[in-house]
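*Asks:* From the sequence below, what's the structure:
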Amino acid sequence: MSLKKNIMANYISQLYVTIISIIIVPLYIKYMGAEAYGLVGFFAMLQTLFMLLDMGLTPTIARETARFRGGATDGTSYRHLVQSLEGIFFIVGLIGSGIMFLASDFIAYNWLNSNHLPPQEIETSIKLITIIIGVRWLCGLYRGIITGSEELIWLGSFAAFIASFRFLGVLPVLIFINPSPTSFFYYQLFIAISELLILLIKGHSLLPNILNNKSSWSLKPIKKILKFSVSIAFTTSVWILITQTDKIVLSKILPLADYGYFTLSVLLASGIMLISNPISGAIIPRMIRLDAENNHDGLIKVYRQGTQLVSIIAGATSITLALYSQKVLWSWTGNVDIAEHGKYTLTLYSIGYGLLAVSAFPGYLQNAKGDLKLHVIGNAIFVIILIPSIIIMANQYGAIGAGYVWLTMNITYLILWVPLVHNRFAKGLNIKWFTTDVLIIFLAEGLTGYLLLLLIPITTNRLIQFFYIGIVGLLVILSGVLASSSFWERKRLFKENKPLQN
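*Replies:* Here you go, the predicted structure:
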């Protein structure tokens, strides 16, 4: 399967999912209310926390699938590994969901701060949330199989299909049946079960056919991948704690309505990662295969091209959101209060997510090499320092304090830790990578965005304002393309290979 087609399919899918998930938020708030949307934000945070139970198994199965397709392992061993992981996913998902289900009473009555929603309504919603999370978490195993098989066009199409029902299909329920949070989550549970069944069927269709496959369930196949899986599990756990601690703390500190406004701004900023994720999802299996083929030069080429592409798109998005934060929030929601209170949060988180999108690439390199030692050490150091900082700043300054910690964390990681990773796996690469693949592109986009900020006219029409911001975003992306060495390299190669005219 073509890498370009996989990236394009991922982009179309993720762009669609991102757009509808963001555009639909003001309608949720309109029909459900800010407090109910706070529960939706709390649901998203709990779903991320549930990944702590993943133990690194989802990315591991994606990696082992890619290795199987690259000829590094045989079909029988791979099939037995999948069978073992299915058992573990089911058991862990059942236990994790059960614990959260039992804690729903405490969360509803002692953790969340609601002024209007009845505690019983919140408790029922939390119970539904825990079941949904467990079902959707089981989907991760089969997504890993599909991703490792590089069936990304199918996966992207399905993601867009299921997202349409998840985000848009619930509106008739809220408008014509009942706008309560329990109605919202009952509908989400139905969609989650449907999604799991389809992914299960597709995932099994990609497994190798083995005659007389009568092996009983066993943990033995997992022992071979345990070291890599544990490394992934640790770094994933640390990553989740770093990125979710602010949301956990603020869910206790802020009133549920204010927490809804906070999650609204962070949702918009986090769209930057959803834009960049299709590239990582496409290049990681390819990098793993190139490493299995001992093609280091090819691996680095894919790595750098992927970095530049993310720098262009994620960088332009983060810069546009940061510079035009108040205008973006107002044109999106039409609510002046949300725009005023959320602009600083959106600015800080947008810049942080933009830096995170590119600083995540050394992790992809370590994943491809199958050596996550530095990743483990680096994340351990940062979690020891940064989690207390998030707790202190969030308690002292609320969402703004958490935003400053988030931004500082990503700047520190990019400047201090990324060079160590590059020195270990690709000596001499860091300066070229940082300056050519990241810094120059970001500077060009930042300068373009700032100059346009001085020129863009003031308007009281939301549609016109949105149009202006869209034009600015496209121009900022164009400036990033022109600052990219890959663009000029391809142009040079095109000229060299152009047929001579008689």
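
*Asks:* Which stretches in the stretch 1-150 of the chain count as strands?
*Replies:* Taking DSSP state E, counting those that start in this stretch to define them, one finds no strands in the stretch 1-150 of the chain.

*Asks:* Sketch out the low-pLDDT regions of it for me.
*Replies:* 1-4, 6-7, 10-11, 51-57, 72 (pLDDT under 70).

*Asks:* all helices of it, in order?
*Replies:* Counting by DSSP state H, counting those that start in this stretch, the stretch 1-150 of the chain has these helices, from start to end: 3-23, 25-32, 34-49, 57-69, 75-102, 104-106, 119-148.

*Asks:* which one of those lies closest to residue 378?
*Replies:* Residue 378 lies closest to helix 57-69 among the helices of the stretch 1-150 of the chain, at 17.3 Å (CB to CB). All C-beta spots, glycine's among them, are computed from the backbone N, C-alpha and C.

*Asks:* Pick the most buried one from the helices of the stretch 1-150 of the chain.
*Replies:* Among those, helix 57-69 has the highest mean neighbour count (mean count of other CB atoms under 10 Å), at a mean of 23.

*Asks:* those strands in this structure, which residues are they?
*Replies:* Under the criterion DSSP state E, the chain contains no strands.

*Asks:* which stretches of it aren't confidently modelled?
*Replies:* In the chain, residues with pLDDT under 70: 1-4, 6-7, 10-11, 51-57, 72, 210-236, 239, 487-502.

*Asks:* can you point me to the longest helix in it?
*Replies:* helix 373-412 (DSSP state H).

*Asks:* Who are the contact partners of the nearest residue to residue 73 once chain neighbours are set aside?
*Replies:* Closest residue to residue 73 apart from its sequence neighbours, by CB to CB, 6 or more residues apart in numbering: residue 67 at 5.4 Å. Residues counted as contacts of residue 67 (CB atoms under 8 Å, 6 or more residues apart in numbering) are 73, 288-289, 292.

*Asks:* change it to 10 Å
*Replies:* Counting by CB atoms under 10 Å, 6 or more residues apart in numbering, residue 67 touches 73, 78, 148, 225, 285, 288-289, 291-292, 370.

*Asks:* same thing with residue 313?
*Replies:* 11, 15, 272, 275-276, 278-279, 354, 357, 477, 480-481.

*Asks:* Could you rerun that using 6 Å?
*Replies:* residue 275 (CB atoms under 6 Å, 6 or more residues apart in numbering).

*Asks:* In this model residue 346 seems to touch residue 403, though I could be wrong.
*Replies:* No: using CB atoms under 6 Å, residue 403 is not in contact with residue 346; the gap is 8.7 Å.

*Asks:* Distance from the chain centre to stretch 340-356, please.
*Replies:* How far stretch 340-356 lies from its chain's middle: 16 Å, per CA atoms, centre = their mean, to the nearest Å.

*Asks:* I would like the residues contacting that stretch, please.
*Replies:* Here stretch 340-356 has contacts from 261, 265-266, 269, 272-273, 314-315, 318, 321-322, 325-326, 329, 399-400, 403, 406-407, 410, 414, using CB under 6 Å, 6+ apart.

*Asks:* Now list the buried members of these.
*Replies:* Burial by neighbour count, 16 or more other CB atoms under 10 Å: within the contacts of stretch 340-356 this picks out 261, 265-266, 269, 272-273, 314-315, 318, 321-322, 325-326, 329, 399, 403, 406-407, 410, 414.

*Asks:* circling back to that earlier point, would you list the helices of the stretch 1-150 of the chain in CSV and tack on distance to residue 460?
*Replies:* Below are the helices of the stretch 1-150 of the chain laid out as CSV (distance: least, CB to CB, whole Å):
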stretch, distance to residue 460
helix 3-23, 21
helix 25-32, 18
helix 34-49, 24
helix 57-69, 47
helix 75-102, 46
helix 104-106, 45
helix 119-148, 38
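
*Asks:* Ok, which of these comes nearest residue 159?
*Replies:* Once those are compared by CB to CB, helix 3-23 is nearest, at 4.9 Å.

*Asks:* List of residues touching the closest one?
*Replies:* Contacts for helix 3-23 (CB under 6 Å, 6+ apart): 152-153, 156, 159-160, 163, 167, 271, 274, 278-279, 281-282, 286.

*Asks:* Of the residues you listed - the most surrounded one?
*Replies:* residue 282 (27 neighbours; other CB atoms under 10 Å).

*Asks:* Look up how far residue 204 lies from that one.
*Replies:* 23 Å (CB to CB, to the nearest Å).

*Asks:* next one: residue 448
*Replies:* 48 Å.

*Asks:* So between the two, which is more surrounded?
*Replies:* Between residue 448 and residue 204, residue 448 has the larger neighbour count (other CB under 10 Å), namely 22 against 12.

*Asks:* could you list every residue that touches the more buried one?
*Replies:* Contacts for residue 448 were tallied using CB under 6 Å, 6+ apart; they are 476, 479.

*Asks:* separation between it and residue 319?
*Replies:* 8 Å.

*Asks:* Likewise for residue 89?
*Replies:* In terms of CB to CB, residue 89 sits 39 Å off from residue 319.

*Asks:* Please apply the same query to residue 82.
*Replies:* 42 Å.

*Asks:* give the contact list for the residue nearest to residue 107 when sequence neighbours are not counted.
*Replies:* Nearest residue to residue 107 in three dimensions, chain neighbours excluded: residue 126, at 5.2 Å (CB to CB, 6+ apart). Neighbour list for residue 126: 104, 107-108 [criterion: CB under 6 Å, 6+ apart].

*Asks:* Show the backbone phi and psi for residue 74.
*Replies:* Residue 74 adopts backbone torsions of phi -90, psi 160, taken as degrees, to the nearest 10.

*Asks:* and it, how many neighbours does it have?
*Replies:* 11.

*Asks:* on that earlier part again, quick one: closest of the helices of the stretch 1-150 of the chain to residue 442.
*Replies:* Comparing these by CB to CB, helix 3-23 comes nearest, at 20.2 Å.
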